[in-house]
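Colleague: Return atomic coordinates for the entry below.
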Amino acid sequence: MLEALLNLLILACSSVSYNSTGGYTGITSLGGIYYYQYGGAYSGFDGADGEKAQKLDVQFYQLKLPTVTAAMAYSGALMAFCCLLVVLGVLRVPWHCPLWLLIEGALDVLIAGAYVPALYFYFQHLAAAYGSAVCQEREALYQSKGYSGFSCSFHGGDIGAGIFAALGIGVFATGAVLAFKGYRKVKRLKEKPAEMLEF
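Modeller: Residues are numbered from 1 along each chain as shown. Just a heads-up that it's a prediction; the model follows:
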């Protein structure tokens, strides 16, 4: 359950970057009360500046899109896998087929190991997007209008996804240890039925 929860949190953090282009495009596209009450209508962007801001927002979004899409797909698939393990445990599959615990343990080891390069490439590609000329130009444009929340640096969602992925390494490694220990326990109980009463 903890593995599923961590991957759900990674999915949520990654979706922050996926769901909105942010900036001028994100503010004004909401329209209505938000648009007028919170400054969208008086944002300082008009004419050529407005078009440029929209263009830069979309270009920056496209730079980050492959990375966050991969993160969402990876975390979503792992979350589904973890939910499957919970269902199999409820159905007592590990008891009827102890070999499944060895498979589960091996998969947990592979997943824990895969998190390391995944984290590296995730931050490497995001850093490339934040270091691009598009991001620098976008930041300068927003700063010229008095906006300070569009700096070319990792935001909370990026950092949160990284933290939860790092925790995932430890959780999946622990899951592997518990799966291997569970296999030994089930095998021993099946070989000596008398111990099942004590268990």
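Colleague: how near is residue 114 to residue 121?
Modeller: 11 Å (Cβ to Cβ, to the nearest Å). C-beta coordinates here come from the backbone N, C-alpha and C atoms, glycine included.
Colleague: more crowded one of these two?
Modeller: Neighbours were counted for residue 114 and for residue 121 using other Cβ atoms under 10 Å; residue 114 has more, 15 against 12.
Colleague: Buried residues of the host helix or strand of the more buried one, list them for me.
Modeller: Using DSSP states H and E, residue 114 sits within helix 99-130. Neighbour counts over helix 99-130 (16 or more other Cβ atoms under 10 Å) mark 100-101, 104-105, 107-109, 111-112, 115, 118-119, 122-123, 125-126, 129-130 as buried.
Colleague: By neighbour count, which bits of the following helix or strand past that helix are buried? Give me those.
Modeller: Next helix or strand after helix 99-130 toward the C-terminus (DSSP H and E): helix 133-144. For helix 133-144, the buried set under the neighbour-count rule, 16+ other Cβ under 10 Å, comprises 134-135, 137-139, 141-142.
Colleague: what does stretch 125-136 contact?
Modeller: Contact partners of stretch 125-136, identified using Cβ atoms under 8 Å, 6 or more residues apart in numbering, comprise 56, 59-60, 63-64, 66-67, 152-154, 158.
Colleague: swap that for stretch 168-175, sorry
Modeller: Contacts of stretch 168-175 (Cβ under 8 Å, 6+ apart): 2-3, 6-7, 10, 78, 104-105, 108-109, 111-112, 115-116.
Colleague: Quick one: residues contacting residue 137.
Modeller: residue 56.
Colleague: so where do the helices sit in the chain?
Modeller: Assigned by DSSP state H, the helices in the chain fall at 2-19, 23-28, 32-37, 48-90, 93-96, 99-130, 133-144, 156-191, 194-198.
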